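1. build me a structure from this.
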Amino acid sequence: MCVEAAPPPSSRMTRRGVLAAAAALAGTAAAVTPAAAASTGGGSPRGGDLVVEGGTLLDPATGEVTEDAVVVIENGTVRAAGARRDITVPSGAQVVEAHGKWILPGLVDAHIHLNTATEARDAVRQGATSARSGSTNFYQDIAVRELARQAPALAPRLKAAGVFVTPDLGDTVLADPDLTGLARLKDGVRSAEALRRVIEVNLARGADVIKTRVNERAGLPEQDPLAQVYSYEQLREIVTAARRGGKGVLCHSYAEQGCHDAVTAGIRSLEHGVFVGERTLAEMRRRGTYFTPTLSAIAGLAESSDPVLAERGRTYLPVLKRAVLAAHERGVPLAAGTDSSGGRVKPIGREIELMHSAGLSPLDAIRTATTGAARLLGLERTVGRLARGFAGDVVIADGDPLADVTVLKQPVRVVRAGIAL
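-> Numbering: from 1, shown residues only. Predicted coordinates:
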């Protein structure tokens, strides 16, 4: 069977079956039982009613700091936020005291792999109340997205990427009957027809974005992260197919040539991008392409017990930090992403810390995980600020993040959609 002759992705019944299997793998079906939802206060998708009062409120959009602030949340949405003297607090409302603390909007992790309900919960409790998936093997991120919609206290608001568009799908071909035919392809997912097929199936299953790659992985010692796996023409095919479905593309990258091919092919955001060069940064600035450097992931390589990975981490991190600063100075939009995977969720506050260590001011580093990342996800009118009409997602920090961004690595309290965790 050639891919070109294959029928279009199957019916709604097949979609239901595939996503039911993804939910079982992710453990989200069990997580959203009435008992589990009630135990977290997340039983209603409308969100909760809550007042946060007494702390110092930071608006990342303006940099404005308001002391003795109040945030009023109704039905999971901010009704009012500002100085106590200007706001009437509803009588009888549940109150979270924040005296002596700082109040920020929930943070955004723009590159994370959420495979289970447990990982989703851990991400929220560490402050990532919104996120964008970096793909999963069996559509688990789509299941996590649905969990967040049904029980917002249990998972971040999520943009799901579905399965990875990569030459070798591996076991992912078992995820979906509409992908199994690709296992027969001698050269893997490389032809225009095969590339379109993976994207069409992703879109049929409900993916919000498309994830692909231009280089091999840095996290596998046997691979060369500078080796290019897709050409400009192949990347252009991916972008065109995604745009046809109204979706943007995030692209795993390392080498400058690969970065340049990906950006000029029209991707929405460049992921990792350690060796991105001046010509590509200039093109990113012109096009408005985002840079999600995932500094946490590269820093993590240096801690590996594998000598090859440890050396990569030590070598790559300073190079990537210079690239981040160069991008920032040239006006390339930045977004924070931890690239968490494998069951361990890194705090998004660690990525903010590394953005600051790369040369960004504390406020600009915070923006990469609030207003900047929100724009990348298309949520700039929903998350990234605590203002009327925005999501009732709050991070409470034990100290001034403008003086010490590390306080965001361990929030004192997190509120998700008006539900205090």
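
2. what about the closest residue to residue 302 other than its chain neighbours, how many neighbours?
-> Leaving out its chain neighbours, the residue that sits closest to residue 302 by Cβ to Cβ, 6 or more residues apart in numbering is residue 313, at 3.0 Å. Yep, even glycine has a C-beta here, placed from its N, CA and C like the rest. Counted with other Cβ atoms under 10 Å, the burial measure for residue 313 works out to 20 neighbours.

3. what of the one 4 residues further on?
-> The number of residues packed near residue 317 is 20, by other Cβ under 10 Å.

4. in three-state terms, label it for me.
-> Using DSSP: H, G, I helix; E, B strand; the rest coil, the three-state assignment for residue 317 comes out as helix.

5. residue 252 looks like it's in a helix, true?
-> No - the secondary structure assignment for residue 252 gives strand rather than a helix, going by three-state DSSP.

6. give the contact list for it.
-> For residue 252, the set of contacting residues under the criterion of Cβ atoms under 8 Å, 6 or more residues apart in numbering consists of 134, 211, 212, 213, 214, 215, 217, 271, 272.

7. quick check: what element follows the lowest-mean-pLDDT helix or strand in the chain along the chain?
-> One helix or strand of the chain scores below all others by mean pLDDT, DSSP states H and E: helix 34-40, with a mean of 47. Stepping forward along the backbone from helix 34-40, the first helix or strand reached (DSSP states H and E) is strand 50-53.

8. can you give the contact residues for that next one?
-> Contact partners of strand 50-53, identified using Cβ under 8 Å, 6+ apart, comprise 69-73, 84, 89-90, 93-98, 103, 392, 394, 396, 415, 418-420.

9. re earlier: export the contacts of residue 252 to JSON lines and append columns for pLDDT, distance to residue 80 and neighbour count.
-> Supplementary listing: the contacts of residue 252 in JSON lines, determined by pLDDT from 0 to 100; distance: Cβ to Cβ, whole Å; neighbours: other Cβ atoms under 10 Å:
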{"residue": "134", "pLDDT": "97", "distance to residue 80": "35", "neighbour count": "27"}
{"residue": "211", "pLDDT": "98", "distance to residue 80": "38", "neighbour count": "29"}
{"residue": "212", "pLDDT": "98", "distance to residue 80": "42", "neighbour count": "30"}
{"residue": "213", "pLDDT": "98", "distance to residue 80": "44", "neighbour count": "25"}
{"residue": "214", "pLDDT": "98", "distance to residue 80": "46", "neighbour count": "30"}
{"residue": "215", "pLDDT": "98", "distance to residue 80": "47", "neighbour count": "26"}
{"residue": "217", "pLDDT": "97", "distance to residue 80": "47", "neighbour count": "17"}
{"residue": "271", "pLDDT": "98", "distance to residue 80": "37", "neighbour count": "28"}
{"residue": "272", "pLDDT": "98", "distance to residue 80": "40", "neighbour count": "29"}
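
10. returning to what we had before: list buried residues within the contacts of strand 50-53.
-> Neighbour-count burial within the contacts of strand 50-53 applies to 69-73, 96, 98, 103, 392, 394, 396, 415, 418-420; the criterion is 16 or more other Cβ atoms under 10 Å.

11. how about those, which pair is most distant?
-> Of all pairs drawn from the buried ones among the contacts of strand 50-53, the greatest distance, 19.8 Å, lies between 69 and 419 (Cβ to Cβ).

12. element containing residue 104?
-> Taking DSSP H and E as the criterion, residue 104 maps to strand 102-105.

13. paired strands for that strand, with orientation please.
-> Strands flanking strand 102-105 in the sheet, each with its direction: strand 56-58 (parallel), strand 394-397 (antiparallel) (DSSP bridges).

14. next helix or strand past the last one?
-> Past strand 394-397, further along toward the C-terminus, the next helix or strand under DSSP H and E is strand 413-416.

15. now that following strand: average pLDDT?
-> Within the predicted structure, the mean pLDDT of strand 413-416 is 98.

16. that strand - contacts with which helices or strands?
-> Of the remaining helices and strands, those touching strand 413-416 by 3 or more Cβ pairs under 8 Å, 6 or more residues apart in numbering; DSSP states H and E are helix 117-125, strand 394-397.
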